[in-house]
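Asker: Got a predicted structure here, sequence first:
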Amino acid sequence: MSELAPIQIPRSFLSRKRVLVVNCYFDYSREPIRRPTKFPQAVGPIFLAGAFARDLCEVRCYDELSSGPLADEARLAWPDMLVLTGLTHCFDRMLHLTAYARTGNPKVIVVAGGPAVRALPLLSEKVFDYSCLGDIEELREVITDAWGEAYAAARVLPRFDLGYWIKFVTHVESTRYCNFHCSFCSLTGEGRAYQTYDLEHIRQQILAAGSRRKLLFVDNNFYGNDREHFRRRIELIRELRATGQFRNWAALVTNDFFNKQENLTLAKESGCELLFSGVESFDSGWLRTFNKLQNTSAPQVEMISRCLNAGIIFCYGLMLDLSTRTISDVRRELEFITGTPEITLPAFITLSIPILGTPYFYECLNNRTLLPNTKLRDMDGITIVQKTLDPIDRAVEFVRGVEQFRGLRSRVIKHSVRFFKLYRSKLNPLQLSIGFEQGLLLSAHTLMTSTTAFGWLKKGRTRTYVSTTEPADQTYTPAFRVDSRFEKYFQPTMVTDKNGNLAHELIDSGLLRSQPPRLERATALA
């Protein structure tokens, strides 16, 4: 007797599901503000949204970076599935939204992924229905397991139509991960190998966005270690640009990209307008201690000026490490940068962050440099979480001032004027304006990135800038009534205890053991 084939239910008979995808975010100001002009913008939600079948799922996206904390009770009670992503220090924000959603709809399925979940796999299994430790395509497995294969998209393509916060720039991805292993990078902690995308998939991403003015590759390393694939991507860019799909493009690359002049020529001729690279520091010795060897192969000033002279604006971030460098040393570096008009000013400045699961984190843990009572939320790049070489009160004064580049603003203005004179014949008006904006971002970051912050600034809220004494954000107080079972979801996740040791909850979180990517179904604890 032959087996009967499984009954196939027509799609028209299947119920329509509601999905809310959220990029969780804690603002470094500790206030519930919006930063709609922050760049680059969050793309996780629109990529995750692409995993759902369009005809059977009504998907909505929300970005807390551009729109501020999600506190709409009705919206949070709406979905059948809540999908959460965000940076590592935003893990607690995922817990808040989980509590809100489960209060409004006890049957909601909560799915969470991203670096925080990968760093804390066992802790994540206890609070989320699905903790995803792999790539975005893993969400298709979740959907299939929860609702059936019919609800999963045949192919994951970003839902640009749902990215209301992304206006003029198409954000696409052509590669994944990085071929370098900087000790402070979450990618190093996860141990994932560099991957390239199929060219047809890249093409489909770009076409799915429609015609936009600019195209930004949000790869961790657009250049990578596959030069032939890089050249084929350049040819694809040329082809699609010629059809009017976009005018110019930008990308994130590592410093080794600039070792070959040919790379700059290929990029410029294909319409590249901007390149971002993580300079981190102009101190080669410091870079070597963090295994950022790709930044030591050539003088960084020469590298940046070569890029600018090729007609491509150069953007970068700067990392200030007060645990291994004195304030005087860091200040000298800032004065060097602002006194060198041949290079752009940094687009942002951050303190060194011992991101969970990275070699740097374990080094700090072993050396006992992490301050007592440090919360995971404190690892935001503007809060001091480690012992400093200088007295802590001096470090606080420095951090409070460097956040707005106090004492260096006149140097920033002079630098900008001299920069304009040097490159006005090499860069177009937009590129020159970006060069000026770097100075504004340093001197008036709030003005440049937020339309709602000044109301909070006027309230005169004070910060300690030290993790041990920094109070929890307003968002740790529920925005509306939640079930008492979720009280613990609004308690900060601690990294260290009062003695500076690893907090007990992290010992049992999976942080101290390496695990391969996997999908876990867990019964959420109430």
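Answerer: Arrived safely, thanks for sending. Numbering: from 1, shown residues only.
Asker: Could I get the average pLDDT for the one helix or strand L65 maps to?
Answerer: Assigned by DSSP states H and E, L65 belongs to helix 64-67. In this model, helix 64-67 has an average pLDDT of 95.
Asker: In terms of secondary structure, what does that helix contact?
Answerer: strand 17-24 (3 or more Cβ pairs under 8 Å, 6 or more residues apart in numbering; DSSP states H and E). In short, each C-beta sits where N, CA and C put it, glycine included.
Asker: can you list contacts of the strand it packs on?
Answerer: Under the contact criterion Cβ atoms under 8 Å, 6 or more residues apart in numbering, strand 17-24 has outside partners 42, 44-45, 48-49, 52, 56-65, 70, 75-76, 78-86, 90, 93-94, 97, 101, 147, 151, 162.
Asker: Residues in contact with the helix or strand just after it: which ones?
Answerer: Heading C-terminal from strand 17-24, the first helix or strand you meet, by DSSP H and E, is helix 44-49. With Cβ under 8 Å, 6+ apart as the test, helix 44-49 has contacts from 19, 21-23, 59, 61-63, 83, 85-86, 113-114, 136, 139, 156, 158-160, 162-163, 166, 171, 173.
Asker: Let's verify V83: helix, strand, or coil?
Answerer: Of the three states, V83 takes strand under DSSP: H, G, I helix; E, B strand; the rest coil.
Asker: 20 is where my numbering starts, stick with that
Answerer: Understood, numbering begins at 20; the last thing we discussed is V102.
Asker: Kindly give the local confidence score, pLDDT, for it.
Answerer: As predicted, V102 sits at a pLDDT of 98.
Asker: and stretch 53-60, average pLDDT?
Answerer: Mean pLDDT, computed over stretch 53-60, is 83.
Asker: Just the terminal-to-terminal distance for it.
Answerer: End-to-end distance for stretch 53-60: 12 Å, by Cα to Cα, to the nearest Å.
Asker: what about it, distance to the chain center?
Answerer: Mean-position distance between stretch 53-60 and its chain equals 11 Å (Cα atoms, centre = their mean, to the nearest Å).
Asker: One more: stretch 239-249?
Answerer: Using Cα atoms, centre = their mean, the mean C-alpha position of stretch 239-249 is found 20 Å from that of the whole chain.
Asker: now swap in stretch 123-140 and tell me
Answerer: 18 Å.
Asker: With just CA atoms, put that stretch into PDB.
Answerer: C-alpha atoms of stretch 123-140 as PDB (Å, rounded to 0.1, in the frame of the first residue of the first chain):
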ATOM      1  CA  GLY A 123      -0.500  42.900  25.000                       C
ATOM      2  CA  ASN A 124      -0.600  39.600  23.300                       C
ATOM      3  CA  PRO A 125       0.400  36.500  25.300                       C
ATOM      4  CA  LYS A 126       0.500  34.400  22.200                       C
ATOM      5  CA  VAL A 127       3.000  36.500  20.300                       C
ATOM      6  CA  ILE A 128       6.100  34.700  19.100                       C
ATOM      7  CA  VAL A 129       9.300  36.700  19.900                       C
ATOM      8  CA  VAL A 130      12.400  36.200  17.700                       C
ATOM      9  CA  ALA A 131      15.700  37.800  18.400                       C
ATOM     10  CA  GLY A 132      19.000  37.900  16.700                       C
ATOM     11  CA  GLY A 133      22.200  39.900  16.200                       C
ATOM     12  CA  PRO A 134      25.500  40.200  18.000                       C
ATOM     13  CA  ALA A 135      23.900  40.400  21.500                       C
ATOM     14  CA  VAL A 136      22.000  37.200  21.100                       C
ATOM     15  CA  ARG A 137      25.100  35.500  19.600                       C
ATOM     16  CA  ALA A 138      27.200  36.600  22.600                       C
ATOM     17  CA  LEU A 139      24.600  35.500  25.200                       C
ATOM     18  CA  PRO A 140      23.100  32.400  23.600                       C
END
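Asker: In that stretch, which residues are buried?
Answerer: 123-124, 127-140 (16 or more other Cβ atoms under 10 Å).
Asker: what stretches of the chain score poorly on pLDDT?
Answerer: Residue ranges of the chain with pLDDT under 70: 20-28, 30-31, 459-480, 531-545.
Asker: Report the buried residues of stretch 349-361.
Answerer: 349-350, 352-353, 356-357, 359-360.
Asker: Sorry, wrong one. I was asking about stretch 199-207.
Answerer: The neighbour-count check on stretch 199-207 (16+ other Cβ under 10 Å) flags 199, 201-207 as buried.
Asker: hmm, which two among those residues are most spread apart?
Answerer: Greatest spacing in the buried residues of stretch 199-207, by Cβ to Cβ: F199 and S205 (13.1 Å).
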